[in-house]
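Chemist: A structural model of the following input is requested.
(one chain, ligands or ions: 1)
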Amino acid sequence: MPLATLIRRSSLPCPAISPAQAAEVLVAHYGLTGSLKELGSHQDRNFLLDTGDGRRFVLKICHGDYSTVELKAQHAALRHLASHSDVRVPAVMHALNGKDLLSLEVGGHGVHVRLLEFIDGQSLAHLEHLSRQVVTGLAELCARVDVALADFAHPGLERILQWDPRHASALVKHLLPVIESADERACISKAAEEAQRRLLPLIAALPVQAIHMDITEYNVVWSRDNHAMWQLQGLIDFGDLVSTWRIADLSVTCAALLHHADGDPLYILQAIQAYHAINPLRPEELKALWPLIVARSTVLVLSSEQQASIEPDNVYIQANLASEWNIFDVATSVPMALMEAAILDAVGWRLPQSCDRDFLPLLPGLVGQTVKAVDLGVLSELFEAGNWEQDEVDERLLKTAAQAHGLAASRYGEYRLSRTLTDSAREPETFALHVELQMPHGTAVHAPFPGALRHTADGALMLMGEDLALRMWGVRSDFDSGVELGAGDVLGQGGGSLIVQLCAEPEVSPPLFSTPSRAAAWRALCPSPKGLLGFDCDAPVPANSADLLARRDASFARSQKHYYQAPPQIERGWRNHLIDMQGRSYLDMLNNVAVLGHGHPRMAQVAARQWSLLNTNSRFHYEAIAEFSERLLTLAPVGMDRVFLVNSGTEANDLAIRLAWAYSGGRDVLSVLEAYHGWSVATDAISTSIADNPQALSTRPDWVHPVVAPNTYRGEARGADSTPFYLKSVDAHLARLAEQGRQLAGFICEPVYGNAGGISLPPGYLREVYQKVRAKGGVCIADEVQVGYGRLGHYFWGFEEQGVVPDIITMAKGMGNGHPLGAVITRRGIAEALEAEGYFFSSSGGSPVSCQIGMAVLDVMEEEKLWENAQVVGGYFKERLLALIDKHSLVGAAHGSGFYLGLELVRNRQTLEPASEETAYLCDRLRELGIFMQPTGDYLNILKIKPPMVTTQRSVDFFVDNVSKVLSELEG
Ligand code: PMP
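Modeler: Next up, the predicted model:
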């Protein structure tokens, strides 16, 4: 009988109550009037009442068949949570007769009526992507509710409910005929049966308690804070409250999350970790979780199909159908055994790392022979200059190694570099779950354990043991499928390539490669075949990235920050991508230093060649220093005829200040607010960016005079006409210095405002400032460390945009492509003024290696047309960024040009309130999507876009598309 009741209930339609009837109930029984809006629901009729005086309620009307004791249990649970937890739930309102539950006759229908407080906010069901913070927030809420309800008891909890997983199997069988397609029916029943099979042995150990059973995005209310971050407001809808397995609560939450998982079932692991941290789960519960999620997904699909068949016009149910099928598809996209392993791994269980069984040799003829293990990993020396992008490179390298050594094999558990994906938000499948052997023709292959042979559809020969399957590609066997072999029997012959894979779940067809995030789980299912191959074919396990970070933190001074809280370990790069140790490529949008891109072979050749000759210093006489200096001067404006070579931008700017001091005889320097020029005592003194140093504005020495930042976007005066306003600040400083009888030494600024995201200075600004400074005997320094050297596309130097020529140019960063190299270019008169203060010498500034590298950078820039690329692709980039302004309200402006761009995010285009938290979210999320990006500006609300100059249009599209995708998430 219980099943019959259950099924009758699962098909009860919503009571047919009109808004007018609901309004009558409200007046008559609660003395309330106001506007009514119907809210969607599976089986209740819900109305939102707005009384117009700031109060809002939910009127819930359910079928009279529902038992009142169950409704009373819900009310008791609401009161229990309100008093035993910090979870916000709706208060239950009393009717005029003092009761909180009314059983009435409305329009000829017997119904139960309740009125609940309305919790302000919204559900997040409409969002495609739920952020990590929302996912963990949901799971933590689930854990907190379960903790609070653990000691809650009520007779109304012992109910028969269609969503209770204890009835899932029976319900599925009953509802299955509602599905018309035989294929779909087969899929559903197969999934439900396997879930049930896995669940059965665990049931006895599953704790039972009262649970909400519907903590999903539909029933959790959120609202955005003023940083656009979702904040949890409360939990509603206790209609599925029941006493059942505790773990069912989390399974419901996780099943709902699968709809937002972008197809990746492992998305729920973060929720499981968050739950487990608050309410630790038993091993049996962890093992039951995925089968329960799968079972839930089958029940969801069938129930919705069933409801849709009864109420074809219920748009709420119709809309849900697609989402339920999506959940089912994601839930059945991976083997259950894999998810069990992934869940256990996520909460810190040690999964089996190897198969410790005894095997007979697979290839007895080769026993004792040496097999060359070929390193195909991220750091392999066989890879350079992007050769891993060639088709079938791994197979070729294996063959070459076999020719040289006789036998060669790939390594199990290797993250293969050749399988990386560039400009992809998808994790690549890099982790090898198999070994590939290159061996002589005619090598006999034997059964390492007893089993039945099977030829599979994907061309493998499979040996099915009792609890282990061996798959092989490259074995010719005369046996038909079904033949039983004993351990040691010959099963066929191989030669050339032989691929070998073990799987501890014989019915599962594992992939040959897994993504890094699934690697631990797949490793537990597909152990290394080394036991049957007879030699060590395992790749070394890469160092744990978190452990390495701890070592860094324990030894490397902390003021030297690193990107991201949990940064990936990056040891290789190629062109405009950086590759982590698991073979995932990230689009590098940060590295203005590596102008030529990463891993450029010319850099390696030139450095190696010069190192093999010698590396001395500028006091020796060698050709490269003369040649490089000459080449730099050909790039500089006419009249500049002297070069200093140093090792960094800081040194270049420090030296420029000393030159200004020496030449002018004064010490006072005008700098610009919100700028960064270096870390040495002098360059730090002129750096006033509070993003780099929060104390910057209060700690200036008295020789530094920062003028108002000429920020044409968010400064006090805006736009192209703002020049006179900003000049006033310069005039005021100059007048004060004159009044005090102080000699001005000079003025330093970036000619394009780099630290503020590449904003152009107002037209004519530098022309006027340079004139005023020179009139006072000062020198004008252009800090071209970031923006110079062709990055801007249209101009080689930033000062060209302003139509001026400085007295001193400082440069670094890209000129060495990452090798420590900086330069100061100036006129002879200024250069020689320093001699009055002694000689200048920097031990490694202008060393032969540095000069050779500096020249090679210029050669490559020319040969690979990187300046042109900055103009063409950079121009396209700017256009695409500008288009985002029309599409996203958060985008205030796109600054800069070429490959020096800034995207400024604001909450309001009038007030320009900086969207700092949103920018932080965007950068973190872009990293998940395979892009490195960081914010800049005093409010950290500008994307500082300064990629290697080899960046392609494809990379630009990948970047802008993903920025737009995440902005939509923030605006949704
Ligand atoms: N000037 C500017 C404009 C810079 O951006 C930087 C570095 N971010 C420097 C100078 C200092 O250069 P370095 O780090 O090579 O010392």
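Chemist: rest of the way, CA atoms for contacts and neighbours
Modeler: Noted.
Chemist: which of the helices or strands spans the nearest residue to S629 once chain neighbours are set aside?
Modeler: Nearest residue to S629, sequence neighbours excluded (Cα to Cα, 6 or more residues apart in numbering): V643, at 6.0 Å. Taking DSSP states H and E as the criterion, V643 maps to strand 642-646.
Chemist: mind listing what the residue nearest to S629 touches?
Modeler: V643 sits next to S629, L632, L633, A823, V824, I825, T826 when contact means Cα atoms under 8 Å, 6 or more residues apart in numbering.
Chemist: any idea which of these is closest to the ligand?
Modeler: Checking the contacts of V643 against the ligand by Cα to the nearest ligand atom gives A823 as the nearest, at 10.4 Å.
Chemist: could you measure from that closest one over to M815?
Modeler: Separation of A823 from M815 (Cα to Cα, to the nearest Å) stands at 9 Å.
Chemist: count of neighbours near R198?
Modeler: By other Cα atoms under 10 Å, 17 other residues sit near R198.
Chemist: shouldn't it be within a strand?
Modeler: No - using DSSP: H, G, I helix; E, B strand; the rest coil, the secondary structure at R198 is helix, not a strand.
Chemist: and this protein, which of its residues are near the ligand?
Modeler: S648, G649, T650, Y676, H677, G678, D783, V785, Q786, A812, K813 (Cα under 6 Å from any ligand atom).
Chemist: so what's the third one closest to, chain neighbours aside?
Modeler: The shortest distance from T650 to any residue other than its chain neighbours is 4.3 Å, reached at G678 (Cα to Cα, 6+ apart).
Chemist: state which strand of this protein is the longest.
Modeler: What stands out as the longest strand in the chain, according to DSSP state E, is strand 490-503.
Chemist: returning to what we had before: and which of the contacts of V643 is nearest P19?
Modeler: Nearest to P19 among the contacts of V643: A823, at 77.8 Å, using Cα to Cα.
Chemist: now S964. Nearest residue, chain neighbours left out?
Modeler: Here the residue nearest S964, using Cα to Cα, 6+ apart, is L884, at 7.1 Å.
Chemist: which strand or helix spans the one you found?
Modeler: Per DSSP H and E: helix 866-887 holds L884.
Chemist: likewise Q582?
Modeler: Under DSSP H and E, no helix or strand contains Q582.
Chemist: thought it was touching Y415?
Modeler: Yes - between Q582 and Y415 there is a contact under Cα atoms under 8 Å: 5.3 Å.
Chemist: what touches both of those two?
Modeler: Both Q582 and Y415 are in contact with V378, T430, F431, P516, where contact means Cα under 8 Å, 6+ apart.
Chemist: go through these and flag which are in strands.
Modeler: Judged by DSSP E, strands contain the following of the shared contacts of Q582 and Y415: F431.
Chemist: of the shared contacts of Q582 and Y415, buried ones?
Modeler: Among the shared contacts of Q582 and Y415, the ones that count as buried by 16 or more other Cα atoms under 10 Å are V378, T430, F431, P516.
Chemist: so what's V730 closest to, chain neighbours aside?
Modeler: Using Cα to Cα, 6+ apart, the nearest residue to V730 is V707, at 5.9 Å.
Chemist: phi first, then psi, for the one you found.
Modeler: phi -90, psi 160 (degrees, to the nearest 10).
Chemist: burial count for Q695?
Modeler: Burial measure for Q695: 12 neighbouring residues, criterion other Cα under 10 Å.
Chemist: so who does it touch?
Modeler: Shown in contact with Q695 (Cα under 8 Å, 6+ apart): no residues.
Chemist: for the remainder of this discussion, apply numbering that starts at 41.
Modeler: Taking 41 as the first residue, the last one we looked at is Q735.
Chemist: quick check: it vs the ligand, distance?
Modeler: According to Cα to the nearest ligand atom, to the nearest Å, Q735 and the ligand sit 18 Å apart.
Chemist: what score does that residue have for pLDDT?
Modeler: Q735 is assigned a predicted lDDT (pLDDT) of 79.
Chemist: now do the strands in the stretch 241-390 of the chain.
Modeler: Counting by DSSP state E, counting those that start in this stretch, one finds strands in the stretch 241-390 of the chain at the ranges 248-251, 260-264, 270-275, 282-285.
Chemist: try the stretch 841-990 of the chain
Modeler: Using DSSP E, counting those that start in this stretch, strands in the stretch 841-990 of the chain cover 848-851, 862-866, 931-937, 940-945, 971-972, 975-976, 982-985.
Chemist: now tabulate the ones you listed in a markdown table and tack on mean pLDDT and mean neighbour count.
Modeler: Putting those into a markdown table (pLDDT from 0 to 100; neighbours: other Cα atoms under 10 Å) gives the following:
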| stretch | mean pLDDT | mean neighbour count |
| --- | --- | --- |
| strand 848-851 | 98 | 28 |
| strand 862-866 | 98 | 27 |
| strand 931-937 | 97 | 24 |
| strand 940-945 | 98 | 28 |
| strand 971-972 | 98 | 26 |
| strand 975-976 | 94 | 24 |
| strand 982-985 | 97 | 27 |
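Chemist: need those in a markdown table (columns: distance to A382).
Modeler: A markdown table is the format used below for the strands of the stretch 841-990 of the chain (distance: least, Cα to Cα, whole Å):
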| stretch | distance to A382 |
| --- | --- |
| strand 848-851 | 50 |
| strand 862-866 | 50 |
| strand 931-937 | 39 |
| strand 940-945 | 38 |
| strand 971-972 | 26 |
| strand 975-976 | 34 |
| strand 982-985 | 35 |
